[in-house]
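J.: A predicted structure for the sequence below; I have some questions about it.
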There are 2 protein chains.
Amino acid sequence: MDTETDPPRRGRPRRGQEPLSRKRIVDAAMALAEAEGVERLTMRGVAKRLGVDAMSLYNHVASRDALLDAITEAVLAGLRLPAPSGDLAADVRAVAHAFRRSALRHPRCVPLVLTRQLDAPAALGPTEAVLAVLDRAGFPPERAVHALRTSLAFLVGSLLREVSAGPAFSGADVEGAGRRETELTASGLPHVVAAAPHLAVCDHDAEFAFGVDALVAALEAARR
Amino acid sequence: MDTETDPPRRGRPRRGQEPLSRKRIVDAAMALAEAEGVERLTMRGVAKRLGVDAMSLYNHVASRDALLDAITEAVLAGLRLPAPSGDLAADVRAVAHAFRRSALRHPRCVPLVLTRQLDAPAALGPTEAVLAVLDRAGFPPERAVHALRTSLAFLVGSLLREVSAGPAFSGADVEGAGRRETELTASGLPHVVAAAPHLAVCDHDAEFAFGVDALVAALEAARR
DNA sequence: ACCTGAACACCGTTCAAGT
DNA sequence: ACCTGAACACCGTTCAAGT
């Protein structure tokens, strides 16, 4: 009958849409994760975003788990680290802030990156960069690996807190902070009560800066 | 009809099994998580372990998410912290090791505890303990909160690495370490190659000890 | 009051069939 | 070669019904 009653339903790209590809799938998955959270990142959901049948995805990614790995890789690939200058403090700061900056570009994907094995080949670039900094600062290889892992632990813990704390805590949510402070005060625990106003809010920038200072001090001390 | 025949009403405990309760459910859930991992912790699975229908669980916990919260609480409740002695280094070490020890009692539940909001009321005990240590060491409340968060970030990152690294890396898995080392060497990244033998293995005890030393140094430096 | 069966609206994934 | 529909074996959760 008529030739255009339905949107073109076939293996052909609809409406000049480019064909399915691993990259398009990963991009859509990241967008979905960013919009709804990783726990709601579903094969069927990704497929719908691409206007495609869920099963079609399996031509390009092996499984949901492989897709999560691909996202991890993509996030890590966005990490650009400067060449070391030779000044330990400056270099550590630069690495830490670069790490945080690229993490916060995909906040809701961060738990994925931090929770999965960070030793995947994709993470070797950052590893090399940090080891280079530590080498320049005089760390022999074995101590450098220890220092690397301690630094990573701090960064992972910091970023995990920041991204999973949600938008409350940012200082903007005055009402939430107030409610929280009365909760803390109600606990009756003396030091918690005394620190309640500070515990009730969290300025992530300042918090990270404090932590990085501490990390620098620790590495300076561990250098010898 | 309506006699005093109301007494022990139950779903008829099979074979002297005690009746369902929130505690029994949480215990079974932790055991299941420990045996199969949190991602396979399923309402139906927990119910099966208890010889009960899945829907019965909802009489005692509101949802799967509430059950995960209950597990988090139970793990945190197992944390026993010593009273502060006044010596910052000794006290920080004591807290860190107590934290790790109780985490490793339920290794596969740890990601849960670390990933969920650590500010739940259940976490106030540990918070109080750390603040007490920092107060004794001379930190005014605001700085103490910064120091607390930095310490927590390090602990969270360290424990997350340890529990999700799996049993490989422990040094026992010589074959895995060998395979891993050749992988690292193949990367061609100069510092990674130079450090490959150390990157290929991870002695969690030694690693944690190094990190705690660094943390102590950082806190000593931040004290003034 | 507590437990259950059936049912709903989802999942990831396999497979044979289409083009 | 790539995409699809139907199907399988699961999920969490609701609800009305049993005791």
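T.: Done, it's in.
J.: which residues does the residue nearest to residue A:31 when sequence neighbours are not counted contact?
T.: The shortest distance from residue A:31 to any residue that is not its chain neighbour, by C-beta to C-beta, 6 or more residues apart in numbering or on different chains, is 7.1 Å, and that residue is residue A:49. Every C-beta, even on glycine, is put in place using the N, C-alpha and C of the backbone. Residues touching residue A:49, when contacts are defined by C-beta atoms under 8 Å, 6 or more residues apart in numbering or on different chains, comprise A:28, A:31, A:32.
J.: secondary structure class for the last one?
T.: Three states are possible here, and by DSSP: H, G, I helix; E, B strand; the rest coil the one that applies to residue A:32 is helix.
J.: Would you mind measuring from it to residue B:193?
T.: 38 Å (C-beta to C-beta, to the nearest Å).
J.: Looking at these two, which one has more neighbours?
T.: Applying other C-beta atoms under 10 Å in any protein chain shown to residue A:32 and residue B:193 shows that residue A:32 carries more neighbours, namely 19 against 16.
J.: from the contacts of residue A:49, which single one is nearest residue A:207?
T.: Residue A:207 has its nearest neighbour among those in residue A:31, at 28.5 Å by C-beta to C-beta.
J.: Tell me how many other residues surround that closest one.
T.: Residues contacting residue A:31 under the criterion other C-beta under 10 Å number 13.
J.: Remind me which helix or strand the nearest residue to residue A:36 once chain neighbours are set aside belongs to.
T.: Distances taken as C-beta to C-beta, 6+ apart place residue A:45 nearest to residue A:36, at 7.6 Å, with adjacent residues excluded. Element membership for residue A:45 (DSSP states H and E) is helix A:43-49.
J.: Give the rounded mean pLDDT of whichever helix or strand comes after that helix.
T.: Proceeding N to C from helix A:43-49, the next assigned helix or strand is helix A:64-77, under DSSP H and E. Averaging pLDDT along helix A:64-77 yields 94.
J.: and the next helix or strand after helix A:64-77, what other elements does it pack with?
T.: Where DSSP H and E defines the elements, the next helix or strand beyond helix A:64-77 is helix A:88-103. If you count contacts as 3 or more C-beta pairs under 8 Å, 6 or more residues apart in numbering or on different chains; DSSP states H and E, helix A:88-103 packs onto helix A:124-136, helix A:141-164, helix A:204-223.
J.: contacting residues around the helix or strand following helix A:88-103?
T.: For helix A:88-103, the following helix or strand on the C-terminal side (DSSP H and E) is helix A:110-115. Residues from elsewhere that reach helix A:110-115, judged by C-beta under 8 Å, 6+ apart: A:33, A:38, A:68, A:71-72, A:75-76, A:103-104, A:156, A:159-160, A:163-164, B:111, B:115, B:160, B:164.
J.: Give me the contact status of helix A:110-115 with DNA strand C.
T.: No. Counting by C-beta under 7 Å from any atom of the strand, DNA strand C is not contacted by helix A:110-115; separation bottoms out at 13.9 Å.
J.: Using PDB, list the CA coordinates for that helix.
T.: Taking only C-alpha atoms (Å, rounded to 0.1, in the frame of the first residue of the first chain), the coordinates of helix A:110-115 have been written out as PDB:
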ATOM      1  CA  VAL A 110      32.900   7.100  39.200                       C
ATOM      2  CA  PRO A 111      31.800   4.400  41.600                       C
ATOM      3  CA  LEU A 112      32.200   2.000  38.700                       C
ATOM      4  CA  VAL A 113      35.700   3.100  38.000                       C
ATOM      5  CA  LEU A 114      36.700   3.100  41.600                       C
ATOM      6  CA  THR A 115      35.000  -0.200  42.500                       C
END
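J.: can you pull the buried residues of the helix holding residue A:45?
T.: A:43, A:45, A:46, A:47, A:49 (16 or more other C-beta atoms under 10 Å in any protein chain shown).
J.: and it, how far out from the chain's middle?
T.: Relative to its parent chain, helix A:43-49 has a centroid offset of 22 Å by C-alpha atoms, centre = their mean, to the nearest Å.
J.: ok, the closest residue in space to residue A:156 that isn't next to it in sequence - how many residues close by?
T.: Across the structure, with C-beta to C-beta, 6+ apart as the measure, the residue nearest residue A:156 apart from its sequence neighbours is residue B:157 (3.8 Å). By other C-beta under 10 Å, the residues close to residue B:157 number 26.
J.: Next up, the contacts around residue B:157.
T.: With contact taken as C-beta under 8 Å, 6+ apart, residue B:157 is in contact with A:152, A:153, A:154, A:155, A:156, A:157, A:158, A:160.
J.: Could you tell me how far the residue nearest to residue A:31 is located from residue A:36?
T.: Distance check for residue A:49 against residue A:36: by C-beta to C-beta, it reads 11 Å.
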